[in-house]
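S.K.: with the sequence up front, the predicted model follows.
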Amino acid sequence: MSRGAPERRRYGPNAVLSHMWFNIGVANGDKGDARYFRDDLERGMTRSKIVRAQELALACVASDYEGCGG
C-alpha cells in the first residue's frame, strides 16, 4: 500500500489549491465544514505551502475569482 503525503491521499494532488478554496469558503462565512477541512489539510502541509495558499486566496478574491486555477 502506497503511503503518499496525507494531503494528497485526502484532498487530491494539489493541496495548495484545495486549501485556497477552503480558506475562501471560511472567509465568506461558510457555516459548513470548510474550516474543518482547511484545518485538517494544514496538518499535512508545510508552512510555505500554507502561506502560498493564503496568497493565492487573497489574489483570487481580489481578481473577482478570475484565473483562480482548478
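M.R.: Yep, it's here.
S.K.: can you pull the contacts of the residue nearest the centre of the chain?
M.R.: The structure's the chain has its C-alpha centroid closest to residue 19; by Cα atoms, centre = their mean the separation is 0.5 Å. Residues in contact with residue 19 (Cβ atoms under 8 Å, 6 or more residues apart in numbering) are 38, 41, 42, 45, 49, 50, 53, 54, 57. The C-beta positions use only the backbone N, C-alpha and C, and glycine is treated the same way.
S.K.: any of those residues buried? List them.
M.R.: Among those, those scoring as buried are 38, 41, 42, 45, 49, 50, 53, 57 (criterion: 16 or more other Cβ atoms under 10 Å).
S.K.: JSON lines for these, including pLDDT and secondary structure?
M.R.: What follows is the buried ones among the contacts of residue 19, written out as JSON lines (pLDDT from 0 to 100; DSSP: H, G, I helix; E, B strand; the rest coil):
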{"residue": "38", "pLDDT": "92", "secondary structure": "helix"}
{"residue": "41", "pLDDT": "90", "secondary structure": "helix"}
{"residue": "42", "pLDDT": "91", "secondary structure": "helix"}
{"residue": "45", "pLDDT": "90", "secondary structure": "coil"}
{"residue": "49", "pLDDT": "92", "secondary structure": "helix"}
{"residue": "50", "pLDDT": "95", "secondary structure": "helix"}
{"residue": "53", "pLDDT": "95", "secondary structure": "helix"}
{"residue": "57", "pLDDT": "96", "secondary structure": "helix"}
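S.K.: mind checking pLDDT for residue 69?
M.R.: Note on residue 69: pLDDT of 79.
S.K.: residue 28 now?
M.R.: 95.
S.K.: check residue 8 too.
M.R.: At residue 8, pLDDT is 51.
S.K.: ditto for the one 10 residues further on
M.R.: Among the per-residue scores, residue 18 holds a pLDDT of 92.
S.K.: okay, now it: neighbour count?
M.R.: Neighbourhood size, residue 18 [other Cβ atoms under 10 Å]: 20.
S.K.: isn't it right up against residue 44?
M.R.: No. Taking Cβ atoms under 8 Å as the definition, residue 18 is not a contact partner of residue 44, at 10.8 Å.
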